[in-house]
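Visitor: model this:
(one chain, ligands or ions: 3)
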Amino acid sequence: MPSLGRLHLITDTRPGRDPLAVLRAVLPVAHAELVVQVRVEDTATDRQAYDLTRRVVGLCAPYQVTCLVNDRLHVALAAGAAGGHVGADDLPVVAARQVLGPAAVLGATAREPGTAVAAVHAGASYLGVGPCHATTTKDGLPPAIGAAGVRAVVEAVGVPVIAIGGVTAQRVPALRAAGAYGVAVVGALSDVADPARVAAELIRGLSC
Ligand SMILES: Cc1ncc(COP(=O)(O)OP(=O)(O)O)c(N)n1
Ligand SMILES: Cc1ncsc1CCOP(=O)(O)O
Ligand SMILES: [Mg+2]
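Guide: Numbers count the residues shown, from 1 in each chain. Ligands and ions are numbered 1, 2, ... in the order given. From the prediction side, this is the model:
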């Protein structure tokens, strides 16, 4: 299993966004500290998800950056990604592990220690924990758990915890102090004029 990067860039495929331009800007700054998670809208076709993943895998390869696919594990396998990420509405973690095989990176979403421990027992190699802060990127999420909620999960499991939801460079130190191994972001890198500069700030915070 490849060692896990600390900065997880989740593709923003909402209308008007250019996830590949963001990725091209961030890759030379972040190198192997980066993990890219291809996340497409539910309305996207598998072909669109596959095409985007192939392009991301191709861009990541020279930098030894890990590419994962959200939800659609068949796309991950077909496109040569290193693994995937599943949550409550996706394949159960144990089934996802069966699909991906023992060597793949498999992330699972958790927001409290009980679900987190169960996901690790079922085969998750890291946990996406949140939302830690309010976000406008995804609708219908439960209330934010804050750094204290992240700490509760960290104390319950032995796998890397990736904090997600409203993460900014300013919020990284508190999340790291709570024990988060890394962070996952959409808007922090997609909604800014200079994603390379923000990626450098995020990585500085993650390195402390
Ligand atoms: C790193 C990381 N953490 C959490 C999520 C959320 O996954 P999920 O709960 O399945 O929600 P969707 O992203 O599928 O809408 C994630 N994708 N990545
Ligand atoms: C997919 C997802 N799951 C929990 S928060 C979130 C979106 C995070 O986006 P942002 O980094 O813009 O808050
Ligand atoms: Mg999901």
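
Visitor: Can you list the residue ranges for helices in this structure?
Guide: For the chain, applying DSSP state H gives helices covering 19-30, 46-60, 73-79, 93-100, 113-122, 146-154, 172-177, 187-190, 195-206.

Visitor: quick one: contacts for the residue of the chain found nearest ligand 3?
Guide: The nearest approach of the chain to ligand 3 comes at residue 87, 3.7 Å away (CB to the ion). Heads up, the C-betas are built off the backbone N, CA and C, glycines and all. Contact partners of residue 87, counting by CB atoms under 8 Å, 6 or more residues apart in numbering, are 71, 108, 109, 128.

Visitor: Name whatever forms a beta bridge with the second one.
Guide: As for beta bridges, residue 108 partners with residue 86, residue 127 under DSSP bridges.

Visitor: And residue 179, its phi and psi?
Guide: phi 100, psi 0 (degrees, to the nearest 10).

Visitor: residues near it, how many?
Guide: By the criterion of other CB atoms under 10 Å, residue 179 has 16 neighbours.

Visitor: So that it lines up with my notes, have the first residue be 52 from now on.
Guide: In the new count, where the first residue is 52, that last one comes out as residue 230.

Visitor: Let me have the helices of the chain in a markdown table, adding mean pLDDT as columns.
Guide: Listed next are the helices of the chain as a markdown table, based on pLDDT from 0 to 100:
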| stretch | mean pLDDT |
| --- | --- |
| helix 70-81 | 98 |
| helix 97-111 | 98 |
| helix 124-130 | 98 |
| helix 144-151 | 98 |
| helix 164-173 | 98 |
| helix 197-205 | 98 |
| helix 223-228 | 98 |
| helix 238-241 | 98 |
| helix 246-257 | 98 |
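
Visitor: Make a markdown table from those helices and add mean neighbour count and distance to ligand 3 to it.
Guide: Below are the helices of the chain laid out as a markdown table (neighbours: other CB atoms under 10 Å; distance: least, CB to the ion, whole Å):
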| stretch | mean neighbour count | distance to ligand 3 |
| --- | --- | --- |
| helix 70-81 | 18 | 17 |
| helix 97-111 | 18 | 13 |
| helix 124-130 | 20 | 11 |
| helix 144-151 | 18 | 10 |
| helix 164-173 | 17 | 13 |
| helix 197-205 | 20 | 18 |
| helix 223-228 | 20 | 21 |
| helix 238-241 | 21 | 18 |
| helix 246-257 | 20 | 23 |
